[in-house]
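Colleague: just coords:
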């Protein structure tokens, strides 16, 4: 896998993440957000990711963090073995 969707990051909302393509990069990478149209990042360009200043309201069943982590866990299939995988040997 060559995308961050296979390596999810959970960061505090105060973090500003800057991803820079080195001038010496062998290839120019592509960025895609929410599976939409890709954009080529040129050598020397930067991509800045920051949280939105307005929080997204959510209805929580038990608590904010538990509900959120459960939603992410089920969406990304964390700790789920697919039917195509061999059984774990003990």
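Modeller: Great, that's in hand. What you see is a predicted model; the values in this text were computed from it and never measured.

Colleague: Tell me which residues of stretch 22-35 come out buried.
Modeller: By 16 or more other CB atoms under 10 Å, the buried positions in stretch 22-35 come out as residue 29. C-beta here means a position set from N, CA and C on the backbone, and glycine is covered the same way.

Colleague: Any idea how far apart the tips of it sit?
Modeller: End-to-end span of stretch 22-35 (CA to CA, to the nearest Å): 24 Å.

Colleague: Tell me where this protein has helices.
Modeller: Secondary structure of the chain (DSSP state H): helices located at 64-76.

Colleague: In it, where is pLDDT below threshold?
Modeller: Applying pLDDT under 70 to the chain picks out residues 1-8, 58-59, 64, 78-88, 90.

Colleague: Residue 40 and residue 27 touch, don't they?
Modeller: No - assessed by CB atoms under 8 Å, residue 40 is found out of contact with residue 27, at 9.9 Å.

Colleague: Spit out the contact partners of the residue nearest to residue 17 when sequence neighbours are not counted.
Modeller: Computed as CB to CB, 6 or more residues apart in numbering, the closest residue to residue 17 that is not its neighbour in sequence is residue 49, at 4.4 Å. By CB atoms under 8 Å, 6 or more residues apart in numbering, residue 49 lies in contact with 16, 17, 18, 19.

Colleague: Switch the residues you listed over to a markdown table; also include neighbour count and distance to residue 56.
Modeller: A markdown table is the format used below for the contacts of residue 49 (neighbours: other CB atoms under 10 Å; distance: CB to CB, whole Å):
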| residue | neighbour count | distance to residue 56 |
| --- | --- | --- |
| 16 | 9 | 18 |
| 17 | 11 | 18 |
| 18 | 9 | 23 |
| 19 | 13 | 23 |
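
Colleague: Considering these, which is situated nearest to residue 35?
Modeller: Closest to residue 35 out of the contacts of residue 49 is residue 19 (18.3 Å), distances taken as CB to CB.
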